[in-house]
Each structure stands twice: as C-alpha cells, then as structure tokens.
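> Model the structure of this input:
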Amino acid sequence: MLFEIRQKLQKVAAMAIIGLLVLAFASWGITDYVSGLSQTNVAKVDGTNITLQAFSRAQQIQEQRYRNTLGENYQPGLLDDPVLKMALVQQLIDDHLQISDAQESGYRVSNEELSKRITALEVFQGSDGFDRNLYKNLLRQQGLSISQFEQDLAESIIAGQVRSAITNGPIITDQELEQLLKLQGEQRDLKFLLLNRENYLSQAQATDEQIEAYYREHLDRFQKPEQVRIEWLELVLDDYAEQVEIEDSTLRKLYENQQEEYRKPERRRASHLLVTVDEQQDEAAALAKITSLKAEIDAGKPFAEVARNHSEDPGSSKNGGDLGLFGRDVMDPAFEKVAFSLATGEVSEPVRSAFGYHLILVTEVETEQVEPYAEVKDEISLRYRREQAQADFFSATEELQNIVYEVPDSLQEAADHFNLK
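Below is the predicted model of the structure:
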C-alpha cells in the first residue's frame, strides 16, 4: 500500500539476525568481562567491568553476521545507531547476569562434557574426524586462546542448561497441582554434606617435575594470542580549515550564489482512504463502495473515522488514513497529481491508482522555500574553509610522508614537527 511503500523508501528494513556459526564463536563474553585488558568500561555489573574491548569484539561479530546475512544490501555504519549500541550493551549485561546466576545456582559443565561438545563441532572436523590442528588454527584466527575458548564455551553450555530448564520443564497435571498445594506448608528435616573442592586444594601435592610435565603436556592452555602495539599520526583536514578566516560578507555572497542548493521543495501532508481493486473486488464494486464512503464524508462524518473503519490500507487506516508529510516522486503518479492540486482541508473525488480507488484529504502544506541564511551559515562556512584549506592540507600530507620515509624507525620527529601526539 502507499503507506508501506513510502516507509520502505525512507528507511532500510531492520532484520533479526541469527548467527549460524559455531556456538563457541558467538558466546565469547564473560572471559573478556574480567580480562582487565582494557581500562575503558562501557558498563559495570555487580562489581564486574564490561570493557570497551569486549563491546568492540561483540560489535565486530555482530557486524560480520549482518554482512553475511544482508550481503550487498548491508550498509556500512548500520551498527553505529545509538539504539543498536545500547541494545548490544544490554545484551552483554544480560549474558553476564545469566551466567553469574547460573553458577551461583550450581550449574556446572564437566571436562568430559566440554570435550565431547568441542570434538563434535562440525567446524573442527577434518577428513578423519576431529582435527586438533584445525581446532588450534581456527581459534588463533579468531584471536582466541584454547583456554579462553573452552571457558567461553563452558559458560555458553551453562546458559543453555538454564534456558532448557525453563523452556523444557515438565507440564504439571491437575492431580499433580492438587498434590503440590497439599504439600505447601509441610516441613521436613534433612541432613546433607557439601564437599567444597577449594577446601581440598591445599592438600593436593605436586612436585616441580610433575608441574613442568603437566605444563608441557598442556601448552595449548597457556598460549596467548599474538598481539601488536602500533603508533600512528593523523592529519585532519578540519584542523587546517579552522585556521582559515572568512568575512560574513563573503559568506552571504556565497549563500546568494548557491541558493538553489538550499531550496526546500513543497511537501504535503495528506490522509487517504483506499478501496482496493483485486480478484475479490472488481472495478465496479470498488468504485461503488468508495462513492458511498465519499457521500458519508460529504454528509459530515469525520474523514479519519471513515478511513479507520473502512480503508483497506492496513498501514495507514489505524491512524485515520494519515500518510504524514511527503514530497513529489514518492507516491503513485495519479495519487500525487491530485494530492498536490488540492487545497488544505479539501477532500478529492475518487482517484484511481495502481492499487485501487482513493479519497484524499490534504491536511497540511509546506510551501517551497529557501532555508534562511542563519540556518545554513555554519554549513557554508565549513565548506568554504575546507576548500581553502585543501592546498595546505595536501602539502602537509606530503611533508609527513617525506619525514616518515627519512626516519622510518620512529614517528616522534614527525609528531614534533606537526605538534601531534
């Protein structure tokens, strides 16, 4: 319908993305929360920091999933939306709380179960089954150590146990419910023994030779992913533009010469009522119906009420037919021609479009106008100063390249020359 078409023209449809990669590569979070590798935090939960590094990594994984799913329809910067960023932070917080609560409730994963899960993952399978070298290489490509990966996977399994306990719980029959109600208030005494592994650690003995042998047999667990430290310098065009001075009279002259760029075309706000022409409703029936509805409106019935009750455009009928503001070349040509010819408050005769018959009510007109100088002054100024600064900026860029070429081992000389940090 017109409303839906207009909405599609104005924004990209959002999609719910489900990761099809291995669970392990998606459930990365808790290790990063406590790693302490970054001093910048995006949130703090129960005394535990969620670092900017953890957030950035989650955002990269999410961005890759969007790219894989949307393909050529993916738009760079899609995840820069503050709403999506806050949603991701909230997801990190929820994950942390879920894992913490599960661990406090006694959920655990045995080493045998963890090993079974890992060796069964299809992504780690070679020609003869589980391939440990493939396992190590894929983790290294993801920037993960084996110990980090296994901890993350264990936490994901725990989270799955919690979800399974909630969603796959047994159905209680009426008889069981009645028995449960009878047992409410009943008290029983019991005894139990809790063995805490931590209490026995001090009793475990190991020689230096045993410790070294264990270390050599499990080197993969103590490996850290490769890391690099980089230095960089950045020249910014706007820094040079700020040094350019410009008189107000020059800006006004530029404004007068470029007014076409600041001309806002006419826009109109309209409501409509649609009766479709399709296999269930032919041309004659649709025309008869909309003519009858037009008579009700002419007799004094509110347009919005008639549209709400009878319009066959589901996108706008609930809003009384309101389509919001729109410009030219957005709506169906026949619809647009009539909409831009009506006076405010005027209701059209039935209009035939590609969708069926419409009644159109224009509710607001924004006439064509040129944006005032005061509103575009800063934009004109910035554009002018950037143009004037181009020569100095490119000259500085070449000079920076020459200094770095002559002194390739350090950026300090270039930083001092340009007063950069």
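
> Could you pull up phi and psi at Glu366?
Backbone torsions of Glu366, given as degrees, to the nearest 10, read phi -100, psi 110.

> who's in contact with the closest residue to it other than its chain neighbours?
Leaving aside its sequence neighbours, Glu366 sits nearest to Arg267 (Cβ to Cβ, 6 or more residues apart in numbering; 4.4 Å). In short, each C-beta sits where N, CA and C put it, glycine included. By Cβ atoms under 8 Å, 6 or more residues apart in numbering, the residues touching Arg267 are 325-327, 365-366.

> top of those residues by neighbour count?
Neighbour counts for those, by other Cβ atoms under 10 Å, peak at Phe326, which reaches 19 neighbours.

> my guess is it meets Glu266, correct?
No: Phe326 lies out of contact with Glu266 (Cβ atoms under 8 Å); the separation is 10.4 Å.

> Return the distance of the residue nearest to Glu366 relative to Gly71.
For Arg267, the distance to Gly71 (Cβ to Cβ, to the nearest Å) stands at 34 Å.

> Could you do Gln125 as well?
Separation of Gln125 from Gly71 (Cβ to Cβ) stands at 27 Å.

> more neighbours, these two?
Counted by other Cβ under 10 Å, Gln125 and Gly71 do not tie: Gln125 has more neighbours, with 14 against 8.

> separation between the closest residue to that one other than its chain neighbours and Val275?
Nearest non-adjacent residue to Gln125, counting by Cβ to Cβ, 6+ apart: Asp131, 6.6 Å away. Taking Cβ to Cβ as the measure, Asp131 falls 64 Å from Val275.

> which regions of the stretch 51-200 of the chain lie under the pLDDT threshold?
Applying pLDDT under 70 to the stretch 51-200 of the chain flags residues 53, 72-77, 140-145, 148, 165-171.

> And the helices in it?
In the stretch 51-200 of the chain, the helices defined using DSSP state H, counting those that start in this stretch lie at 52-70, 82-104, 111-120, 132-141, 146-167, 174-183.

> circling back: is it correct that the residue nearest to Gln125 is in contact with Phe124?
Yes: the criterion here is Cβ under 8 Å, and Asp131 meets it with Phe124 at 6.3 Å.

> Those two - which one has more neighbours?
Neighbours per residue, other Cβ under 10 Å: of Asp131 and Phe124, the larger number sits with Phe124, 21 against 15.

> How is the chain partitioned into domains?
16-165, 237-260+371-418, 268-367 (automatic domain parsing).

> Spatially nearest residue to the residue most central in space within the chain, not counting backbone neighbours?
The structure's the chain has its C-alpha centroid closest to Leu84; by Cα atoms, centre = their mean the separation is 3.7 Å. Leaving aside its sequence neighbours, Leu84 sits nearest to Leu78 (Cβ to Cβ, 6+ apart; 7.7 Å).
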